[in-house]
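1. When you get a sec, could you give me coordinates for this:
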Amino acid sequence: MAHGSKRVSAAILAGGTSSRMGVEKGLASLAGKPMILYVIEACRVLTGDVFVVAGSSNMKDYAKRLASVVEVIPDVDVGFKSPLVGAYTAFSHRREEYVLLLPCDVPLVKPIVLSFLREIAEGWDAVVPRWPSGYIEPLVAVYNAGKALQAIEEALRRGYRDMRGFIERIKTLYVSTLVIGELDPELETFFNVNTPNDFRLAEEKLIRRGRRVA
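-> Residues are numbered from 1 along each chain as shown. As a prediction, this is how the structure comes out:
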């Protein structure tokens, strides 16, 4: 890949459980289409290389529903479930040097924010949003896949199971959500749909955006 190129792969993680929603979250119909489709569409503004990483329990559901839309690949089996495993799978599968990592439950994500994170990633192993409280958003972030893979392998060897365990081992640029708020004033990019109430709120916002049921 030419130096300075902004090409990127986009991986959407759908391997988690949806216990709080009571249904397979990413496939739940939101304002007329599966929630994960909003995330896929946002990624496609940046790149044609978009794929979904699913878990063993929901792989068939995602593959069947998204067969004509996007490639769906299974999580590697390391004996436990974690976004760290999904990230490892994504970085192993990517076609570009950098990977945009997203969860399946952020239907309000703004392409302009994703593009910004990618634009500033050159020279860094990771670009991770961080709230003033110190809370980080490792699943709405951009990674140098090669560097990240090495760090995840080391983290797994040491018994870490969360994303922070490997992010702290690489050259990470933390970007304040105050800066991202200039592009996304309500910070809707980070709005996770975890409960039925979140679901209703996201649907209201999408309908107000004009994305009505076809």
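2. Now the residue nearest to Lys171 when sequence neighbours are not counted, what are its backbone angles?
-> Among residues not flanking Lys171 along the chain, Asp125 sits closest, at 4.4 Å (CB to CB, 6 or more residues apart in numbering). C-beta here means a position set from N, CA and C on the backbone, and glycine is covered the same way. Main-chain torsions, Asp125, degrees, to the nearest 10: phi -80, psi -20.
3. Likewise for Pro103?
-> Here is the backbone geometry of Pro103 (degrees, to the nearest 10): phi -90, psi 170.
4. residue nearest the centroid of the chain?
-> The chain has Leu102 as the residue nearest its centroid, 0.5 Å off, counting by CA atoms, centre = their mean.
5. distance of it from Tyr143?
-> Noted for Leu102: a distance of 12 Å to Tyr143, by CB to CB, to the nearest Å.
6. Likewise for Cys104?
-> With distances taken as CB to CB, Cys104 is found 18 Å from Tyr143.
7. Other residues contacting the helix or strand Val179 falls within?
-> Assignment of secondary structure by DSSP states H and E places Val179 within helix 177-180. By CB atoms under 8 Å, 6 or more residues apart in numbering, the residues outside helix 177-180 that reach it are Val113, Phe116, Pro129, Arg130, Trp131, Pro132, Glu137, Leu187, Thr189, Phe190.
8. from the residues you listed, which two are the most distant?
-> Phe116 and Pro132 (18.4 Å; CB to CB).
9. Compare the two (neighbour count), which wins?
-> It is Phe116, of Phe116 and Pro132, that has more neighbours when counted by other CB atoms under 10 Å, with 19 against 8.
10. and Asp125, what does it touch?
-> By CB under 8 Å, 6+ apart, the contact set of Asp125 is Tyr143, Asn144, Lys147, Ala148, Ala151, Ile170, Lys171, Thr172.
11. give me that answer again for 7 Å
-> Counting by CB atoms under 7 Å, 6 or more residues apart in numbering, Asp125 touches Tyr143, Asn144, Lys147, Ala148, Ile170, Lys171, Thr172.
12. and Asp77, how many neighbours?
-> Per other CB under 10 Å, the neighbour tally for Asp77 reads 11.
13. Could you do Val45 as well?
-> Counted with other CB under 10 Å, Val45 comes out at 12.
14. How much space separates it from Leu114?
-> On the measure of CB to CB, Val45 and Leu114 end up 8 Å apart.
15. confidence score at Glu24?
-> Model confidence at Glu24, expressed as pLDDT, equals 79.
16. my guess is it contacts Asp61, does it?
-> Yes. If you go by CB atoms under 7 Å, Glu24 and Asp61 touch, sitting 5.7 Å apart.
17. Those two: who's more crowded?
-> Neighbours were counted for Glu24 and for Asp61 using other CB under 10 Å; Glu24 has more, 20 against 15.
18. returning to that earlier point: list the contacts of the residue nearest to the centre of the chain.
-> Contacts of Leu102 by CB under 7 Å, 6+ apart are Ala10, Ile12, Val39, Cys43, Val109, Leu139, Val140.
19. next SSE after the strand or helix carrying the second one?
-> Think Ile12. Using DSSP H and E, Ile12 falls within strand 9-14. Once strand 9-14 ends, the next helix or strand along the chain (criterion: DSSP H and E) is strand 29-30.
20. which residues are contacting the helix or strand encompassing Arg118?
-> Element membership of Arg118 [criterion: DSSP H and E] is helix 111-119. Contact with helix 111-119 is made by 6, 8, 42-43, 45-46, 98, 100, 127, 141-142, 180, 183-184, 189, as judged by CB under 7 Å, 6+ apart.
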